[in-house]
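Student: Based on what follows, work out the 3D shape:
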Amino acid sequence: MNPDVGACLNPAGLVSVFSGGSNTSIVPAFSNWANGVCGAPACTNATIEAVIANITSGCQSDLATFGISQTDVGGITQVVTQVYPTVRKVLCLKRCASRSCLCSHIHAIFTEETSFA
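Tutor: Numbers count the residues shown, from 1 in each chain. Reported below is the predicted structural model:
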C-alpha cells in the first residue's frame, strides 16, 4: 500500500467500519477511522489521483456495471479532488466534546431510541 494513502485515508480503519458483524455498532469503528484520518495530514491531490487511478484500473468491470468507463475517470478525479478538502473539514470538525461533530451526531443517531410513529 502507498504509505501516503495509509496515512491520510486510514484505509485499515475504514475496513473495520465495514467488517463488523450484523449485531455490531459501526459507531466505534467509524469514530476510530475518523480520528485516524483527522490526526494525519490531508491527502495531496497526487495521492487522491493515485487512489482513483488504482480503483478505476483495478475495478473496471465492476465500474462498467454502473456505466462508468475509463473515459469518465478524468471527471471523477476532478470532482473528488475538488470536494475532498471540504469533506475532510466536515469530518474533522471538533466542536462537539472530544470527538468530531460528525461522529457525535452519528453516535446520537445510532444510540437514541427514535419513534417514527
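
Student: Which residues belonging to the host helix or strand of residue 62 are considered buried?
Tutor: Element membership for residue 62 (DSSP states H and E) is helix 60-64. For helix 60-64, the neighbour count (16 or more other Cβ atoms under 10 Å) marks residue 63 as buried. From N, CA and C alone the C-beta is placed, and that goes for glycine too.

Student: For residue 12, identify the helix or strand it belongs to.
Tutor: With DSSP H and E as criterion, residue 12 is part of helix 11-18.

Student: Quick one: list the elements packing against that helix.
Tutor: Applying 3 or more Cβ pairs under 8 Å, 6 or more residues apart in numbering; DSSP states H and E, one finds that helix 11-18 makes contact with helix 27-38.

Student: so after the helix it packs on, what's the next helix or strand?
Tutor: helix 45-58.

Student: tell me the pLDDT at the nearest residue to residue 8 once chain neighbours are set aside?
Tutor: Of all residues not flanking residue 8 in the chain, residue 43 sits nearest, at 3.8 Å (Cβ to Cβ, 6 or more residues apart in numbering). Residue 43 carries a pLDDT value of 94.

Student: Give me the buried positions along the helix holding residue 12.
Tutor: Buried, per 16+ other Cβ under 10 Å, within helix 11-18: 13, 14, 16, 17.

Student: do the same with stretch 80-96
Tutor: In stretch 80-96, counting by 16+ other Cβ under 10 Å, buried: 81, 84, 88, 91, 92.

Student: Right, I'll leave it there.
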